[in-house]
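Participant: Below: sequence and its predicted model.
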Amino acid sequence: MSLLIFVIPVALVFLMFRSQKKRQQQASQMQSTMEPGAAVRTIGGMYALVKAVNDSTVELEMAPGVVAHFSKSAVAAVIDAQEYDEIINGRPEEDEAADLDAELADTELVEDEVLKDEDAQESISLAKADSEKPAAK
């Protein structure tokens, strides 16, 4: 029993160090694969293009003509060009066209339902008006 109390904490510490080492290896591999022209996301959530890679820093172009120097460790992820383009410029046109068509169809369905409801309300109010008329003497 006392051996189990000693083994469990040691195993937990070993697993924590192992996962931390894997994350560090992934980060260093990602930083080594950065090259000019790659799209990246910083740890602050800013998207930019890599202009130059130095020993410990990287030059990022945040907007046309606006270049800033960052530490390599400030880069959270290298993203593919299509994802960067979608984030910066919005969704692709074909997605927007499909959404507009779906929205138009939904709007037409709602309008049809409203017209049916209005016709039903009118029928109900006419029936009430007929039933409330005083009887002819």
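Facilitator: Perfect, thanks for sending it.
Participant: Checking Gly45 next. Helix, strand or coil?
Facilitator: coil (DSSP: H, G, I helix; E, B strand; the rest coil).
Participant: next one: phi and psi at it?
Facilitator: phi 90, psi 10 (degrees, to the nearest 10).
Participant: residues in contact with Ser19?
Facilitator: Counting by CB atoms under 8 Å, 6 or more residues apart in numbering, Ser19 makes contact with nothing. C-beta here means a position set from N, CA and C on the backbone, and glycine is covered the same way.
Participant: burial count for Arg23?
Facilitator: Neighbourhood size, Arg23 [other CB atoms under 10 Å]: 9.
Participant: Just to be sure, it is in a helix?
Facilitator: Yes - per three-state DSSP, Arg23 lies within a helix segment.
Participant: Quick check: buried residues in the helix or strand containing Ser19?
Facilitator: Element membership of Ser19, judged by DSSP states H and E, is helix 2-33. Of all the residues in helix 2-33, those buried under the rule 16 or more other CB atoms under 10 Å are Gln31.
Participant: swap in stretch 52-68?
Facilitator: For stretch 52-68, the neighbour count (16+ other CB under 10 Å) marks 53, 58-61 as buried.
Participant: And for it, what's in contact with it?
Facilitator: Applying CB under 8 Å, 6+ apart, the contact partners of stretch 52-68 are 34-36, 40, 42, 46, 48-51, 69-72, 74-75.
Participant: Can you select the buried ones from these in PyMOL?
Facilitator: For the buried members of the contacts of stretch 52-68, the matching PyMOL selection, counting by 16+ other CB under 10 Å, is:
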select buried, resi 34+40+42+48+49+50+70+72+75
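Participant: What distance separates the opening and closing residues of stretch 65-75?
Facilitator: Counting by CA to CA, to the nearest Å, you get 20 Å between the two ends of stretch 65-75.
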